[in-house]
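Student: Predicted model and sequence follow; I will ask about them next.
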Amino acid sequence: MSETVKMSEAQTEYLNLVAELMTIRKRGDVPLAYIRTYGCQQNVADSERIKGMLHEAGYSFTETPEDADFILFNTCAVREHAEDRVFGNVGALKNLKRRHPQILIALCGCMMEQEHVAKRIRESFPFVGLVFGTHCMHEFPELLYKSLVDGSRIFVRDNDDRLVHEGIPAFRDGSFKGWLPIMYGCDNFCTYCIVPYVRGRERSRKPDIIIEEARDMIARGYKDITLLGQNVNSYGKGLDPRPTFAGLLREIDKIDGDYWLRFMTSHPKDCTRELIDTIAGSRHISLHLHLPFQSGSDRVLKAMNRRYDRAKYLDIVNYAKEKIPDVSLTSDVIVGFPGETREDFEQTLSLIREVGFTSLFTFIYSPRKGTPAAEMDDPVSDEEKGRWFRELLAVQEEIAAERCASMVGMIEKVLVEEKAKQDGRLCGRTSGNIIVEFSGDDSLIGTFRNVKITQARNWILNGELADQ
Ligand code: SAH
Ligand code: SF4
Ligand code: F3S
C-alpha cells in the first residue's frame with residue numbers, strides 16, 4: 001500500500017536557508033546550477049523536480065559546468081555503458097573542483113542506490129560532496145543545505161519508504177512538450193533489469209493530483225504530455241479505490257484543448273483490450289503504442305521473467321492494428337540475453353518482421369550486478385552478439401523505410417519541435433512519433449501544423465507545410 005505525503009514545511013524552510021546562504025556564497029550575479037541527466041524520462045522528470053527546488057532556492061541554470069556553484073549528475077544504472085559514461089564524466093570534474101573549491105559536486109539517481117557504486121564514489125572520487133539515491137529526493141533541500149554549511153561529505157540511499165511525495169514543484173525543460181510521472185518504481189523483476197532494485201516498489205500517484213497537473217500543463221500551453229511509469233498498465237495498484245490506467249487516460253482526455261497525450265512504458269503482460277479501445281475512442285491520445293517485447297522467443301521470454309509469450313504479444317498488437325488503423329508501434333529489444341541461441345534470435349527477427357515496428361530501441365544485453373540474469377550461463381561471444389545486433393538493425397531499417405515510404409502523399413498533423421540542422425528547415429513529430437522535416441519559419445515551433453509528406457528517408461520523413 002502506498003501513501004501520499006506533502007513535501008514537509010521543514011524542507012521548504014531549508015530552501016529558504018539555502019537561498020539566504022547563496023546570496024553570500026554565489027560565484028557570479030546569481031547562484032548557478034548545472035544539472036546533467038542520464039537515462040530514461042523518469043530521470044528527466046526527477047531532474048525537473050530537483051530543478052524546481054533549486055529554482056525556489058534562488059538558483060538559475062547554466063549549461064556550462066565551469067560557471068556553476070552547484071553541479072549535479074542524475075545517473076542511470078540500466079546498462080554498463082551508461083554507468084561508464086557517468087564515471088568518466090565525473091572524473092573529468094576533478095580539475096574543476098581543484099580550481100574552484102567552493103563548487104559543490106553532487107551525484108544522485110539510480111546508480112547511487114547501488115552499494116558498490118556509492119563505495120567506489122566514496123573511495124575514488126573525494127571531490128564529490130553529496131550523494132543521494134532515488135528515494136531521498138524529497139530530502140534534497142536539507143541535504144543541499146547541510147552539504148553547503150558543513151562541508152563534510154554526505155551519502156544517503158536505500159530509504160524505500162513506499163511513500164509518494166507530492167508538492168515538489170517541477171521546473172520543466174520544455175515549454176510545449178512535458179513529462180508527467182504517474183507512478184514510481186517497479187515490481188516486475190525482469191531477470192536482466194536493475195530498475196526494481198534502484199527504484200523500489202511500485203507506487204502510484206493519486207488520480208486527482210495527476211489530472212490537476214495535466215490540466216495545469218494544458219492551461220500553460222503544453223501540446224504534448226507524456227505520462228510516465230515503468231509499467232503504466234499496472235497503474236493504481238495500492239490505491240483505494242483502485243483506478244485503472246485506461247480510466248485515468250479517459251479522465252485526462254476529457255480536458256479540452258489542442259494537445260496530444262502519450263504514455264510510456266506499457267508492459268505487454270498488463271496491456272488490455274480496454275486500453276486499446278480507450279486509445280481508439282479518445283480525442284487526444286496519440287496513435288502510438290510503445291510496447292517493449294524484449295525477445296521473440298518464448299524460451300527467452302520465460303528466462304527473462306516477462307510473463308507473456310509471443311502469442312499474447314501478437315494478439316494485443318493485432319488487436320491494436322485492427323482498432324487503430326494508423327497505429328505506430330515501437331518497442332525495446334534485447335539481443336544476447338544469457339543462453340539465447342541463434343534460433344531464439346531468429347524468433348526475434350521474425351517477430352520484428354511480423355509486427356512492422358516504426359522504430360526500435362535496440363540493446364545488447366548488459367549484465368547487472370545483483371540481478372538473476374547476471375548469474376546465468378552466457379556462452380555466446382560478444383562478437384557473435386555484435387553480429388546479431390547489426391543484423392537486427394539492418395532488418396529494422398528496411399521495415400522502417402517501408403513504413404515511412406507508405407506515408408508519402410499523406411497529410412499529417414505535426415507538432416513543430418525545433419530547427420533542423422539545415423538552415424530554414426524545421427523538425428517535428430507526427431502523432432505516431434515519426435520525425436518529419438520541412439521548410440518553415442522558426443515562429444512555428446511549438447505549434448501544430450499540417451504537413452504533406454513528400455519523401456521518405458529511412459526513418460525520417462520529408463514534407464512541406466500544407467496550410468501556410
Ligand atoms: N519498464 C520498461 C523498461 C525500462 S528500461 C519496460 O519494461 O518496458 C528500458 C529498456 O532497457 C528495457 O526495455 C530493456 O530493453 C533495456 N534493458 C534493461 N535492462 C537491460 C540490460 N541489463 N541489458 C540490456 N538492456 C536492458
Ligand atoms: Fe525493468 Fe522489467 Fe520493470 Fe521494465 S518492467 S523496469 S524491464 S523490471
Ligand atoms: Fe536508468 Fe533509472 Fe531510468 S536505471 S533507465 S534512469 S529508472
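Tutor: Looks like it came in fine. Residues are numbered from 1 along each chain as shown. Ligands and ions are numbered 1, 2, ... in the order given.

Student: And C193, how close does it get to I252?
Tutor: 28 Å (Cβ to Cβ, to the nearest Å). Where you see a C-beta, it was placed from the backbone N, CA and C, and this is true even at glycine.

Student: got the residues of the stretch 251-400 of the chain near ligand 2?
Tutor: H267 (Cβ under 6 Å from any ligand atom).

Student: how about the strands in the stretch 251-400 of the chain?
Tutor: 260-264, 288-290, 328-335, 359-364 (DSSP state E, counting those that start in this stretch).

Student: Report pLDDT for N159.
Tutor: What the model reports for N159 is a pLDDT of 63.

Student: Distance check, the residue nearest to I399 when sequence neighbours are not counted against L291.
Tutor: In this structure, I399 finds its nearest non-sequential neighbour in G356, 5.6 Å apart by Cβ to Cβ, 6 or more residues apart in numbering. In this view, G356 and L291 are 13 Å apart by Cβ to Cβ.

Student: Now the common contact residues for these two.
Tutor: The contact sets of G356 and L291 overlap at L329 (Cβ atoms under 8 Å, 6 or more residues apart in numbering).

Student: Mind checking which of the two has more residues around it?
Tutor: L291 (21 against 16; other Cβ atoms under 10 Å).

Student: For whatever residue of the chain ends up closest to ligand 3, give me its contacts.
Tutor: Residue nearest to ligand 3 within the chain: G39 (2.6 Å; Cβ to the nearest ligand atom). Contact analysis of G39 by Cβ under 8 Å, 6+ apart lists N74, T75, C76, A77, V78, A82, G109, C110.

Student: Columns secondary structure on top of the residues you listed, output as JSON lines?
Tutor: Putting these into JSON lines (DSSP: H, G, I helix; E, B strand; the rest coil) gives the following:
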{"residue": "N74", "secondary structure": "strand"}
{"residue": "T75", "secondary structure": "strand"}
{"residue": "C76", "secondary structure": "coil"}
{"residue": "A77", "secondary structure": "coil"}
{"residue": "V78", "secondary structure": "coil"}
{"residue": "A82", "secondary structure": "helix"}
{"residue": "G109", "secondary structure": "strand"}
{"residue": "C110", "secondary structure": "helix"}
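
Student: quick check, nearest of these to M264?
Tutor: V78 (14.5 Å; Cβ to Cβ).

Student: How many neighbouring residues does the closest one have?
Tutor: V78, neighbours per other Cβ under 10 Å, totals 21.

Student: show me what contacts the closest residue to E3 other than its chain neighbours?
Tutor: Spatial nearest neighbour of E3, excluding adjacent residues (Cβ to Cβ, 6+ apart): L163 at 5.4 Å. For L163, the contact set (Cβ under 8 Å, 6+ apart) comprises S2, E3, T4, V5, R203.

Student: biggest separation within those, which pair?
Tutor: Farthest pair in the contacts of L163, by Cβ to Cβ: V5 and R203, 11.3 Å.

Student: how about the CA coordinates for stretch 436-452, as CSV?
Tutor: Once non-C-alpha atoms are left out, stretch 436-452 reads as follows in CSV (Å, rounded to 0.1, in the frame of the first residue of the first chain):
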residue,chain,number,x,y,z
VAL,A,436,9.3,15.0,-40.2
GLU,A,437,11.4,17.7,-41.7
PHE,A,438,10.1,20.6,-43.7
SER,A,439,10.8,24.2,-44.6
GLY,A,440,9.2,26.9,-42.4
ASP,A,441,9.7,29.8,-40.1
ASP,A,442,11.1,29.4,-36.6
SER,A,443,8.0,31.1,-35.2
LEU,A,444,6.1,27.8,-35.9
ILE,A,445,8.0,26.0,-33.2
GLY,A,446,5.6,24.8,-30.5
THR,A,447,2.5,24.7,-32.8
PHE,A,448,0.6,22.0,-34.6
ARG,A,449,0.8,22.2,-38.4
ASN,A,450,-0.4,20.0,-41.2
VAL,A,451,2.4,18.7,-43.3
LYS,A,452,2.2,16.9,-46.6
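
Student: Now do the buried residues in it.
Tutor: Of all the residues in stretch 436-452, those buried under the rule 16 or more other Cβ atoms under 10 Å are V436, E437, F438, G440, I445, G446, F448, R449, V451, K452.

Student: which one among those residues gets closest to ligand 1?
Tutor: V436 (25.5 Å).

Student: now the angle from whichever strand or helix holds the closest one to strand 359-364?
Tutor: Taking DSSP states H and E as the criterion, V436 maps to strand 435-439. Orientation of strand 435-439 against strand 359-364 (axes from the mean of the first three to the mean of the last three Cα atoms, to 10 degrees) gives an angle of 130 degrees.

Student: For the following helix or strand past strand 435-439, the averaged confidence score.
Tutor: Following strand 435-439 in sequence order, the next helix or strand is strand 448-457 (DSSP H and E). Summarised as a single mean, pLDDT over strand 448-457 is 96.

Student: Need the contact partners of strand 448-457.
Tutor: Here strand 448-457 has contacts from 223, 258, 401, 404-405, 407-416, 428, 436, 438, 440, 461-467, using Cβ under 8 Å, 6+ apart.

Student: from the residues you listed, which ones fall inside strands?
Tutor: Using DSSP state E, the subset of the contacts of strand 448-457 located in strands is 411-416, 428, 436, 438, 461-465.

Student: between these, which is closest to E115?
Tutor: For those, the nearest to E115 is L415 (42.6 Å; Cβ to Cβ).

Student: which parts of the stretch 1-150 of the chain sit against ligand 3?
Tutor: Residues of the stretch 1-150 of the chain lying near ligand 3 (Cβ under 6 Å from any ligand atom): G39, C40, Q42, N43, C76, A77, V78, C110.

Student: Among the residues you listed, list the two that are farthest apart in space.
Tutor: Largest pairwise distance in those, by Cβ to Cβ, is 12.1 Å, between Q42 and A77.

Student: And the strands in the stretch 51-200 of the chain, which stretches?
Tutor: 60-61, 70-75, 104-109, 130-132, 154-156, 163-166, 177-181, 183-184.

Student: now those in CSV, with mean pLDDT and distance to L329?
Tutor: Below are those laid out as CSV (pLDDT from 0 to 100; distance: least, Cβ to Cβ, whole Å):
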stretch, mean pLDDT, distance to L329
strand 60-61, 97, 36
strand 70-75, 98, 30
strand 104-109, 98, 30
strand 130-132, 97, 38
strand 154-156, 95, 41
strand 163-166, 90, 31
strand 177-181, 97, 21
strand 183-184, 96, 23
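
Student: Distance to D216 for those - can I get that in CSV?
Tutor: Shown next, in CSV, are the strands of the stretch 51-200 of the chain (distance: least, Cβ to Cβ, whole Å):
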stretch, distance to D216
strand 60-61, 21
strand 70-75, 24
strand 104-109, 26
strand 130-132, 28
strand 154-156, 31
strand 163-166, 14
strand 177-181, 10
strand 183-184, 19
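
Student: Determine which of the ones you listed approaches R122 most closely.
Tutor: strand 154-156 (6.6 Å).

Student: what's the closest one in contact with?
Tutor: So strand 154-156 is contacted by 118, 121-122, 129-133, 136, 139, 143, 146-147 (Cβ under 8 Å, 6+ apart).

Student: same check, this time on stretch 366-376
Tutor: By Cβ under 8 Å, 6+ apart, stretch 366-376 touches 77-81, 114, 116, 191-194, 197, 303-305, 337-339, 365, 378.

Student: and if we set it to 10 Å?
Tutor: 77-83, 114-117, 189-198, 303-305, 334, 336-339, 365, 378 (Cβ atoms under 10 Å, 6 or more residues apart in numbering).
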